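Undergrad: Everything below, folded, please.
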Amino acid sequence: MTYPNEAAGISSVCSKINIPYLISFIIENNSKLPNGDTLETAIEKVDEHIKTNNLTPPLMYGVNCAYPTYIGKAMTEKIRGKLLFARGNPSKLCLEERDNLT
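TA: A predicted model of the protein is given here:
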């Protein structure tokens, strides 16, 4: 997901229909989400939405489609226990640059 609001929406829907889910964010080559949020901030926003609305939390958080170095830079001690998977991408290009390749 590219924005915390998308993840909040998924948490609302999945909680309403009672299915387990996970949240995975895309980060850019600056180690932030496309909207400029840090990974920590994005997770905090989703967690706050879940708490405020008494929703079921995700099974885990993750990062996908990001160069491994960018994932490492996005990690903080605060989210280390929540971020349970990373799916790397071999490209150092940002999302827009990759989109323009085709």
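Undergrad: residue contacts, residue 85?
TA: Contacts for residue 85 (CB atoms under 8 Å, 6 or more residues apart in numbering) come out as 24, 60, 62, 63. The C-beta positions use only the backbone N, C-alpha and C, and glycine is treated the same way.
Undergrad: Would you mind measuring from the second one to residue 90?
TA: Spelled out, that is residue 60. Residue 60 sits 23 Å away from residue 90, going by CB to CB, to the nearest Å.
Undergrad: ok, these two, which is more surrounded?
TA: Set residue 60 next to residue 90 and count neighbours by other CB atoms under 10 Å: residue 60 wins out with 15 against 6.
Undergrad: ok, the residue sitting nearest the centre point of the chain - contacts?
TA: Nearest to the geometric centre of the chain sits residue 25, at 2.3 Å (CA atoms, centre = their mean). Neighbour list for residue 25: 1, 2, 7, 33, 39, 42, 61, 62, 63, 64 [criterion: CB under 8 Å, 6+ apart].
Undergrad: What is the neighbour count of residue 87?
TA: By other CB under 10 Å, 12 other residues sit near residue 87.
Undergrad: So it sits against residue 64, correct?
TA: Yes - the pair residue 87 / residue 64 is scored as a contact, 4.1 Å apart, by CB atoms under 8 Å.
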